[in-house]
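A.B. asks: No letters, just coordinates:
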DNA sequence: TAGATTGTTAATCGATTAACAATC
DNA sequence: TAGATTGTTAATCGATTAACAATC
């Protein structure tokens, strides 16, 4: 049995950021970068970068720094962007619509293969080439198609019910757009977006900065 | 001069969560709650709740706990949900559309007063009773209307330009939906949503949990 | 008064930063 | 070889948790 060190959430949440900056460096045709240079671009310490990367392996070279393309590939592998994830959207409202039309997800390995809704008038319509189906078909669909992730954009009062349902049907990943904190016992992985929390924090910070400028 | 203790971001980001749980308690007609009971509901420690709340004041009573309605009101005041924020959306694409249709924002004090886009075919259309105007009108609009927050749902390659523009026009708060990390020198407050970062973290965690179950 | 629970101080834990030996 | 920069250990900082005196 291989000894696995536990990676902290703080590190994990920085990975997509490294990924983005490295992707930018490639576009800028920059071939190598030191932790110091990268730290200046990202506004974090060089120490943190080296610590973070060394959770996963020694990707650099003393006296040289990091090869941009190699490091990008390694982080891609860590994040699993080289793998593909099958996703469904539940809730064909405005947010579901927006997600279905996001071309970037497919580029990052997340394929949206179906959209579900309870409203009869939505069923049969097509959003960005993806058919909208009725919720009644969901169990049958999941039996016949492998689904990794359910993106839930249902009204808040339906979220627990829908989350429980998709979990019981075997889906292991939930991307939750409702304000409710989902708590599912079985090993389901949940990422919350909580848009209104983010907006309220913005409001708070704005109010604070005003008060500090006035007094 | 009043001595002001600096509130950490960790605490600030938990405030909307307290707000939500208290709002739920009110709906459940629960009048009082102890930090212990609340800690069980929220799955955080009672210590943390008491520490967090005491950053802002002593809202409880020894031997009794917290009065739900009173605590809710106090957190509302802290968050500024009793104040109103004027918002504009820049970018009338699918995400801009979804935001414009979110009824919850207005309930929380965030009024969307206008939507802007560069595309001529969008200009003049109405989304959820809000008129879409051309970007050319933006400077004039901001001169004649007070705007607190710009919600930016423009393509990633336009984000820096648009963010700079709204900042120079005097807007102090930006809700950023692009993957780019905005960095604006003048005291602009930025909240990033970074949807694809969240999705990539979900992908990573999903991949990890699978690997841990297999070996 | 006795019991409960806060507000607050002290202890612990974890994450970030600094330092430097290893090495390309 | 000399210079640069990593990988990694040690020090610091901040956030979380525990403990308990204050008090309703």
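C.D. replies: That came through, no problem. All values reported here derive from a predicted model rather than from experimental measurement.

A.B. asks: Up against DNA strand C, what does chain A have?
C.D. replies: Residues of chain A lying near DNA strand C by C-beta under 7 Å from any atom of the strand: A:8-11, A:44-45, A:47-48, A:50-51, A:61-64. Using the backbone N, CA and C atoms, a C-beta is placed for each residue, glycine as well.

A.B. asks: one more time with 10 Å, if that's ok
C.D. replies: When proximity is defined as C-beta under 10 Å from any atom of the strand, chain A approaches DNA strand C at A:6-14, A:35, A:39, A:43-52, A:54-55, A:58, A:60-64.

A.B. asks: which stretches of chain A form helices?
C.D. replies: Along chain A, counting by DSSP state H, helices occupy A:9-27, A:35-42, A:46-54, A:68-79, A:94-100, A:103-107, A:138-144, A:159-168, A:195-214.

A.B. asks: Is chain B within reach of the first one?
C.D. replies: Yes. Helix A:9-27 lies in contact with chain B when judged by C-beta under 8 Å from any C-beta of the partner chain; the contacting residues are A:12-13, A:15-17, A:19-20.

A.B. asks: Spatially nearest residue to residue A:18 (excluding sequence neighbours)?
C.D. replies: Closest residue to residue A:18 apart from its sequence neighbours, by C-beta to C-beta, 6 or more residues apart in numbering or on different chains: residue A:75 at 5.5 Å.

A.B. asks: Ok, residue A:42 next?
C.D. replies: residue A:21 (5.7 Å).

A.B. asks: The one you found contacts residue A:41, correct?
C.D. replies: Yes. Residue A:21 is within contact range of residue A:41, at 6.2 Å (criterion: C-beta atoms under 8 Å).

A.B. asks: So between those two, which is more surrounded?
C.D. replies: residue A:21 (19 against 12; other C-beta atoms under 10 Å in any protein chain shown).

A.B. asks: What about residue A:156, how many residues nearby?
C.D. replies: If you count neighbours by other C-beta under 10 Å, residue A:156 ends up with 11.

A.B. asks: try the one 5 residues further on
C.D. replies: Neighbour count of residue A:161, defined by other C-beta under 10 Å: 10.

A.B. asks: so how far is residue A:21 from it?
C.D. replies: Distance from residue A:161 to residue A:21, counting by C-beta to C-beta, to the nearest Å: 40 Å.

A.B. asks: give the contact list for the residue nearest to residue A:37 when sequence neighbours are not counted.
C.D. replies: Leaving aside its chain neighbours, residue A:37 sits nearest to residue A:65 (7.5 Å; criterion: C-beta to C-beta, 6+ apart). For residue A:65, the contacting residues are A:32-35, A:37, by C-beta atoms under 8 Å, 6 or more residues apart in numbering or on different chains.

A.B. asks: Touching stretch A:134-149 from outside, list them.
C.D. replies: Residues contacting stretch A:134-149 (C-beta under 8 Å, 6+ apart): A:85-88, A:90, A:110, A:113-114, A:116-118, A:120, A:123, A:133, A:165-166, A:169-175, B:202-203, B:206.

A.B. asks: Could you turn the buried ones of those residues into a ChimeraX selection?
C.D. replies: Written as a ChimeraX command, the selection of buried residues from these, which uses 16 or more other C-beta atoms under 10 Å in any protein chain shown, is:
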select /A:85,87,88,90,110,114,116,117,118,123,133,165,166,171,172,173,174,175 /B:202,203,206
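
A.B. asks: how about the residues of chain A near DNA strand D?
C.D. replies: So chain A meets DNA strand D at A:10, A:32-39, A:46-66, A:71 (C-beta under 10 Å from any atom of the strand).

A.B. asks: Now, of those, which are buried?
C.D. replies: The neighbour count (16+ other C-beta under 10 Å) marks A:32-35, A:37-39, A:49-50, A:52-53, A:60, A:65-66, A:71 as buried among the residues of chain A next to DNA strand D.

A.B. asks: can you name the two of these that are farthest apart?
C.D. replies: A:32 and A:52 (18.3 Å; C-beta to C-beta).

A.B. asks: Let me know the angle separating the longest strand along chain A from helix A:159-168.
C.D. replies: Identified as the longest strand of chain A according to DSSP state E is strand A:110-117. With axes from the mean of the first three to the mean of the last three C-alpha atoms, to 10 degrees defining the directions, strand A:110-117 sits at 120 degrees from helix A:159-168.

A.B. asks: Are strand A:110-117 and chain B in contact anywhere?
C.D. replies: Yes. For strand A:110-117 and chain B, the contact criterion (C-beta under 8 Å from any C-beta) is met by residue A:110.

A.B. asks: Report all helices and strands that that strand contacts.
C.D. replies: Applying 3 or more C-beta pairs under 8 Å, 6 or more residues apart in numbering or on different chains; DSSP states H and E, one finds that strand A:110-117 makes contact with strand A:85-90, helix A:94-100, helix A:103-107, strand A:130-134, helix A:138-144.

A.B. asks: from the chain's centre, how far out does it sit?
C.D. replies: 16 Å (C-alpha atoms, centre = their mean, to the nearest Å).

A.B. asks: Please apply the same query to stretch A:66-83.
C.D. replies: That offset, for stretch A:66-83, works out to 16 Å (C-alpha atoms, centre = their mean).

A.B. asks: cool, stretch A:142-149 as well?
C.D. replies: Worked out by C-alpha atoms, centre = their mean, stretch A:142-149 lies 19 Å from the chain centre.

A.B. asks: Return the set of buried residues in that stretch.
C.D. replies: A:142, A:147-149.

A.B. asks: per-residue confidence averaged over it?
C.D. replies: For stretch A:142-149, the mean pLDDT works out to 97.

A.B. asks: Then stretch A:11-22?
C.D. replies: In the prediction, stretch A:11-22 has an average pLDDT of 98.

A.B. asks: List the contacts of that stretch.
C.D. replies: With C-beta under 8 Å, 6+ apart as the criterion, stretch A:11-22 contacts A:38, A:41-42, A:44, A:49, A:52-53, A:55, A:68, A:71-72, A:75-76, A:78-79, A:81, B:179-181, B:194, B:196-197, B:200-201, B:204-205.

A.B. asks: The same query, at a cut-off of 7 Å, please.
C.D. replies: A:38, A:41-42, A:52, A:55, A:68, A:71-72, A:75-76, A:78-79, B:179, B:197, B:200-201, B:204 (C-beta atoms under 7 Å, 6 or more residues apart in numbering or on different chains).

A.B. asks: Closest to DNA strand C out of the residues of helix A:9-27 next to chain B?
C.D. replies: residue A:13 (8.7 Å; C-beta to the nearest atom of the strand).

A.B. asks: Roughly how far does the closest one sit from DNA strand D?
C.D. replies: Per C-beta to the nearest atom of the strand, to the nearest Å, residue A:13 is found 13 Å from DNA strand D.
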